[in-house]
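**Student:** next input, structure requested:
(one chain, ligands or ions: 1)
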Amino acid sequence: MTAKNMDHLVSLCKRRGFIFQSGEIYGGMQGMYDYGPLGVELKNNLKHSWWKSMIYENDNIEGLDASILSNPIVLKYSGHEDTFSDPMVDCRSCNARSRDDQLDGGKCPECGSSDLTEPRPFNLMFKTNVGPIDDGSSFAYLRPETAQQIFTNFKNVVDSSSKSLPFGIAQIGKAFRNEITPRNFIFRVREFEQMELEFFVEPGSDEEWHKKWVQKRLDWWEEQGIPADSIELYNVPDEELAHYSKGTVDIMYKFPHGLEELEGVANRTDFDLGSHTKNQDELNISANVMKNKSSNTRLAIQNIETKEWVVPYVIEPSAGVDRGVLAIMNEAYNVEDLGEGKERTVLKLKPHLSPVKAAVIPLKKNNEELVKIASDLKSKLQKLNLGRIILENTGNIGKGYRRHDEIGTPLCITIDFDSHRG
Ligand code: ATP
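**Tutor:** Numbers count the residues shown, from 1 in each chain. Have a look, this model is predicted:
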């Protein structure tokens, strides 16, 4: 079972402290959300599960945590300054702005009018001023994807970790996009987190690796509680491909509002490394890169046998943390009928993702002996590094179990008068 609609998830998230609207006490701000006490645990657990599956389980993948503020020149040569835009239209009747490619039947989603302006490109990158003088001469972008800092650090990582092909660099972090129409709760927001792997391979082996990574990512999502029958793969047609991609497979999930992208797995070819490289003419770069006279580094790797310099192709599985949280909560959401018109909500999360791993509940509130046993048990469990363990000293066992059903706690332990200190 999944949530019947988004409102049920939004309400559970607020009621139990998973996700709140950002700046809610001032009326909130569109496209921004804050993760509450349980949301931050769930999100961290999801990120940890990805990090473990990428880096700890693969000796040929290294991690990175790079800066969010990005030098504009990086985003110039990556192609984002010129092409990272969505087509925007204005409604002449009500002035609402919309994305042209998301209109239903060419009509304004606010008032239904067909009197719309011609679409024009709207660049999605946020700019911010750098340094004390705000005259527009010195600015940085908030990165629109985490990938670019992986490419610009390619040589640093290769030189410091002696890698040969195939190998990957992985990163989790915030990305920012000035979405024209943020909507559907945390599905489309302006500030979000990505989990991105750039996997560098020999040119020619890229298509095979692309297929492998799509399968690996499907397997991983299944381990997080998203079954294959809630997923559809979408082979992005040529005319919809991003400027850097030779082929992209979108992993589409049946969100409460419809089938939409959870993760994209792109074959970025040698476009990015090629674009950021100096002396491009000396290398055999296949992509149509921007001629670069500013870079001082050759982003290539030497083939140990042939001694030839190769600009690797890149396979990029790029997943949204927030869309992941939404999909996982949706799959886990269950309402159980208790008869006599009563029901309870149970969040059936995979235990490794649960915000609270165990609740220890003394039968009687403030009973010295019971609380002492519970507190000792909590400390012991906490030392196992399983995650968060909670001592619930409320004396209301029924309420405690209901709360922990609703937040997906796999284990509740009642301490009663027969319990002994171990
Ligand atoms: P969409 O077509 O839905 O706008 P995209 O194709 O632009 O997404 P990518 O550039 O492939 O997205 O980004 C990789 C991942 O980052 C997406 O699969 C998604 O999970 C996440 N993502 C992208 N934009 C947003 C956003 N505005 N809010 C939340 N997550 C996002």
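
**Student:** where exactly do the strands run in the stretch 151-300 of the chain?
**Tutor:** Secondary structure of the stretch 151-300 of the chain (DSSP state E, counting those that start in this stretch): strands located at 167-176, 191-201, 231-235, 247-255, 258-269.

**Student:** show me the contacts for the residue lying closest to Phe199 once chain neighbours are set aside.
**Tutor:** Distances taken as Cβ to Cβ, 6 or more residues apart in numbering place Gly168 nearest to Phe199, at 4.0 Å, with adjacent residues excluded. The C-beta positions use only the backbone N, C-alpha and C, and glycine is treated the same way. By Cβ atoms under 8 Å, 6 or more residues apart in numbering, Gly168 lies in contact with 54, 58, 60-62, 197-200.

**Student:** next one: Gly105 from the ligand, what distance?
**Tutor:** 20 Å (Cβ to the nearest ligand atom, to the nearest Å).

**Student:** please disregard the earlier target; I meant Ile150.
**Tutor:** The spacing between Ile150 and the ligand, counted by Cβ to the nearest ligand atom, is 14 Å.

**Student:** same question, Lys211
**Tutor:** Lys211 sits 18 Å away from the ligand, going by Cβ to the nearest ligand atom.

**Student:** how many residues are close by that residue?
**Tutor:** Neighbourhood size, Lys211 [other Cβ atoms under 10 Å]: 13.

**Student:** enumerate the residues of this structure near the ligand.
**Tutor:** Counting by Cβ under 6 Å from any ligand atom, the chain comes close to the ligand at 177, 179, 188-189, 192, 194, 261-264, 318-320, 322-323.

**Student:** out of these, who has the most neighbours?
**Tutor:** Highest neighbour count within the residues of the chain next to the ligand, by other Cβ under 10 Å: Glu263, with 25 neighbours.

**Student:** bridged to it, which residues?
**Tutor:** Per DSSP bridges, the residues bridged to Glu263 are Ile251, Ala319.

**Student:** that one against Asp322, yeah?
**Tutor:** No: using Cβ atoms under 8 Å, Glu263 makes no contact with Asp322, being 12.0 Å away.

**Student:** which residue packs closest to Phe200, ignoring adjacent ones?
**Tutor:** Computed as Cβ to Cβ, 6+ apart, the closest residue to Phe200 that is not its neighbour in sequence is Pro312, at 3.8 Å.

**Student:** name the residue of the chain that lies nearest to the ligand.
**Tutor:** Nearest to the ligand, among the residues of the chain, is Gly320, at 2.3 Å (Cβ to the nearest ligand atom).
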